[in-house]
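> Need coordinates for the following:
(one chain, ligands or ions: 1)
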Amino acid sequence: MGLSFGKEGILAFRNSLALNGKAFIDGKSVDALSGETFGCISPRDGLEIARVASCNAADVDLAVAAARRAFEAGVWSARPPKERKKVMQRFADLFEQHLDELAVLESLDMGKPISESRNIDVALVLDTLRWYAECPDKLYDEIAPTGPDQLATVTREPVGVVAAVVPWNFPMLMAMWKIAPALASGNSIIVKPAEQSPLTAIRMAEIAHEAGIPAGVFNVVPGFGPTAGKALGLHMDVDCLVFTGSGEVGKLFLMYSGQSNMKRVYLECGGKSANIILDDVPDLRVAAERAATAICFNQGEVCVAPSRLVLSERIQDEFLEIVVETARAIRPGDPLDPETRIGALVDDTHRARVEHYIARGHEDGARLVLGGDRPDTNLGGYYVNPTIFTGVRNDMTIAREEIFGPVLSVITVRDDEEAVRVANDTPYGLAAAVWTRDLSRAHRISRRLRAGSVWVNCYDHGDATVPFGGYKQSGNGRDKSLHALDKYTELKTTWIEL
Ligand code: NAD
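Next up is the predicted model:
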């Protein structure tokens, strides 16, 4: 655990933090033009921790105008790549000085355990930022193989004004997966954080500004989806909209684009990932413990959560015994306690949604073998116990729809054919895993899985070097790696007759 202090120290540190809920537009912290605010509720105890600017279309207009001005002035877009790199590296250095603060803010705001926000979230955000900070002066353009009398160059140019609408489950990381490549390629950006978790995006914009990112280049407009989010989607002067969130809202952004300026829209949406355990799993205990910890990670509020355990019937008894025993030991607790391994769901509405799915599992005839209820934490807040259903059929609602909570559906299969068929029988295509000691078998199965990421003998591993995104209704385009830059750049052909 990176934080050098225990629970009491974390609480004291939390009390020392000034929580800023203002928008960040054109290099300044500002109120919404209307003066309206909304309460930022911590899922830890259900109490309000800050008032947040409730931005609407008028604030979005201001932010887009500032972003456009900065872009046209070339204060960032026309800066030599080497200089952009230096400023982004300074941004990363300053970010690194605030890791404890950002981790506490994240846990407070959306309920994840401090051990995860400090050891995983801020570490991955920093890794992403540093990786893209290195890019600007390392990317070369192309010369096309034309005839001897022509010279044709293919150059990448920033797309212009980018809007990023992001969710609450990894508020900083999902935002940074967009911010870093957008800035590295010279764009201006406006981030709309989820209304449930606005605080860290605001703080990141302040830090970026302090590091030397010019005014107007990185703006944050907190607010609600149907107001601030929709205004960005419909804006005539936003060139590219990148979104992470539910498929339902992703589809709205495709419509907003069609109703406005045909802006580029890239979507990272939900998942219903299959974690396939074959009968020759190399280490049954490791795989079973991982199946349990991965569905509890971030309270199950993970787009790649292994929510369908596709398990060989030959090893089901032994395997499930370990899964249940491991999950039973993961008790929900205070997100700010360094010992906590599963925190609070993001809000009351979301907990009701998760509980609705648990009830649906019962109704559809699945067998509850763990959880299904609320823990007795005495904290207030929005907690549920890790929950496991066995005897699930892939056509049941709990196997088809994204629950986004710590709810595992166990589906047993006879052979590889059935495993692949079940894994692919979903509208989603974000991720999958296969556990086997036979790498040829793993390769053959991996090639047949319709998913953007496939893990072999591990779950949810990766870093900034590999692309991330979905097939089918899990979205389009990719975050991370050099491939993400495709979203933030236009390709220009210049054809010269010599
Ligand atoms: P959501 O779709 O409800 O909200 C996402 C964002 O969209 C928020 O900022 C919200 O304010 C905004 N929004 C909501 N309604 C809108 C509207 N009518 N117009 C414009 N904007 C609107 O999603 P969520 O509940 O915040 O996040 C959970 C979802 O995110 C899950 O489906 C999860 O799988 C997905 N997710 C996907 C990935 C990925 O990389 N594929 C990563 C994390 C989360």
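
> going forward, measure contacts between C-alpha atoms and count neighbours the same way
Will do.

> surely residue 277 meets residue 437?
No: Residue 277 is beyond contact range of residue 437, at 10.6 Å (criterion: Cα atoms under 8 Å).

> can you tell if the strand or helix carrying residue 255 touches the ligand?
If you go by DSSP states H and E, residue 255 is part of helix 247-259. Yes: judged by Cα under 6 Å from any ligand atom, helix 247-259 and the ligand are in contact via residue 249.

> Can you tell me which helices and strands that helix packs against?
On a contact count with 3 or more Cα pairs under 8 Å, 6 or more residues apart in numbering; DSSP states H and E, helix 247-259 meets helix 230-234, strand 264-268.

> and the angle from that helix to strand 264-268?
Per axes from the mean of the first three to the mean of the last three Cα atoms, to 10 degrees, the angle that helix 247-259 makes with strand 264-268 is 180 degrees.

> got the CA positions of helix 247-259 in CSV?
Provided in CSV are the C-alpha atoms of helix 247-259 (Å, rounded to 0.1, in the frame of the first residue of the first chain):
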residue,chain,number,x,y,z
GLY,A,247,-24.3,1.0,-24.5
GLU,A,248,-27.6,2.8,-24.1
VAL,A,249,-26.0,6.2,-23.8
GLY,A,250,-23.3,5.3,-26.4
LYS,A,251,-26.1,4.9,-28.9
LEU,A,252,-27.5,8.3,-28.0
PHE,A,253,-24.1,9.8,-28.9
LEU,A,254,-24.2,8.2,-32.4
MET,A,255,-27.6,9.9,-32.8
TYR,A,256,-26.4,13.3,-31.5
SER,A,257,-23.6,13.1,-34.1
GLY,A,258,-26.1,12.5,-36.9
GLN,A,259,-28.3,15.3,-35.7
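
> Which residue, other than its chain neighbours, is closest to residue 170?
Nearest residue to residue 170, sequence neighbours excluded (Cα to Cα, 6 or more residues apart in numbering): residue 121, at 7.4 Å.

> surely the one you found meets residue 174?
No: in this structure, residue 121 is not within contact of residue 174 by Cα under 8 Å, at 9.9 Å.

> now the helices and strands packed on helix 247-259 in a markdown table, with distance to residue 6 and mean neighbour count?
Shown next, in a markdown table, are the helices and strands packed on helix 247-259 (distance: least, Cα to Cα, whole Å; neighbours: other Cα atoms under 10 Å):
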| stretch | distance to residue 6 | mean neighbour count |
| --- | --- | --- |
| helix 230-234 | 41 | 25 |
| strand 264-268 | 36 | 24 |
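
> Low-confidence bits of the protein, can you list those?
Applying pLDDT under 70 to the chain flags residues 1-4.

> So what touches stretch 36-45?
Here stretch 36-45 makes contact (Cα atoms under 8 Å, 6 or more residues apart in numbering) with 47-55, 108-111, 195-198, 334-335, 343-348, 379-382.

> Outline the domain layout of the protein.
Using automatic domain parsing, the domain parsing of the chain gives 7-269+475-495, 274-463.

> so how many other residues sit close to the residue lying closest to residue 82 once chain neighbours are set aside?
Here the nearest residue to residue 82 in space, its sequence neighbours aside, is residue 137; by Cα to Cα, 6+ apart that works out to 5.3 Å. Other residues within reach of residue 137, judged by other Cα atoms under 10 Å, total 15.

> And for residue 321?
A count of neighbours around residue 321, defined by other Cα under 10 Å, yields 12.

> The one 4 residues further on now?
Under the neighbour criterion other Cα under 10 Å, residue 325 is assigned a count of 14.

> any idea how far residue 340 is from it?
According to Cα to Cα, to the nearest Å, residue 325 stands 17 Å off from residue 340.

> Can you tell me which residues in the stretch 351-498 of the chain are near the ligand?
Going by Cα under 6 Å from any ligand atom, the residues of the stretch 351-498 of the chain near the ligand are residue 469.

> now the helix holding residue 255: how far from the chain's centre is it?
Counting by Cα atoms, centre = their mean, to the nearest Å, helix 247-259 is centred 19 Å from the centre of its parent chain.

> Kindly report the same for stretch 14-28.
Taking Cα atoms, centre = their mean, one finds stretch 14-28 lying 22 Å from the centre of the chain it belongs to.

> who touches it?
Contacts of stretch 14-28 (Cα under 8 Å, 6+ apart): 29-32, 49-53, 55, 62-63, 66-67, 101, 104-105, 198-199, 202-203, 205-206, 209, 214-222.

> Put the buried members of those into a ChimeraX selection.
To isolate the buried members of the contacts of stretch 14-28 in ChimeraX, using 16 or more other Cα atoms under 10 Å:
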select :29,30,31,32,50,51,52,53,55,62,63,66,67,101,104,105,198,199,202,203,205,206,209,214,215,216,217,218,219,220,221,222
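
> Could you list which of the contacts of stretch 14-28 belong to strands?
Taking DSSP state E as the definition of strands, the contacts of stretch 14-28 contribute 29, 30, 49, 50, 51, 52, 53, 218, 219, 220.

> hmm, which two among the residues you listed are most spread apart?
Farthest-apart pair in the ones in strands among the contacts of stretch 14-28 is 49 and 218; separation 24.8 Å (Cα to Cα).

> Pull out the buried members of the contacts of stretch 36-45.
The buried subset of these (16+ other Cα under 10 Å) comprises 50-55, 108-111, 195-198, 334-335, 343-347, 381-382.

> just to revisit the earlier point, mark which of the contacts of stretch 36-45 are part of helices, please.
Applying DSSP state H to the contacts of stretch 36-45, the entries found in helices are 108, 109, 110, 348.

> now those as a markdown table including distance to residue 355?
Shown next, in a markdown table, are these (distance: Cα to Cα, whole Å):
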| residue | distance to residue 355 |
| --- | --- |
| 108 | 23 |
| 109 | 22 |
| 110 | 18 |
| 348 | 10 |
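
> with these in mind, which one is nearest to the ligand?
Among the ones in helices among the contacts of stretch 36-45, residue 110 lies closest to the ligand (Cα to the nearest ligand atom), at 10.8 Å.

> wait, doesn't that closest one sit right on residue 172?
No: counting by Cα under 8 Å, residue 172 is not a contact partner of residue 110; they are 10.9 Å apart.

> Most proximal residue of the stretch 301-450 of the chain with respect to the ligand?
Nearest residue of the stretch 301-450 of the chain to the ligand, counting by Cα to the nearest ligand atom: residue 303, 3.7 Å away.

> how many other residues sit next to that residue?
24.

> cool, residue 391 as well?
Residue 391: 13 surrounding residues under other Cα under 10 Å.

> give the contact list for it.
366, 367, 410, 411, 412.

> These into JSON lines, with extra columns for secondary structure and neighbour count?
Below are those laid out as JSON lines (DSSP: H, G, I helix; E, B strand; the rest coil; neighbours: other Cα atoms under 10 Å):
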{"residue": "366", "secondary structure": "coil", "neighbour count": "20"}
{"residue": "367", "secondary structure": "strand", "neighbour count": "16"}
{"residue": "410", "secondary structure": "strand", "neighbour count": "25"}
{"residue": "411", "secondary structure": "strand", "neighbour count": "23"}
{"residue": "412", "secondary structure": "strand", "neighbour count": "24"}
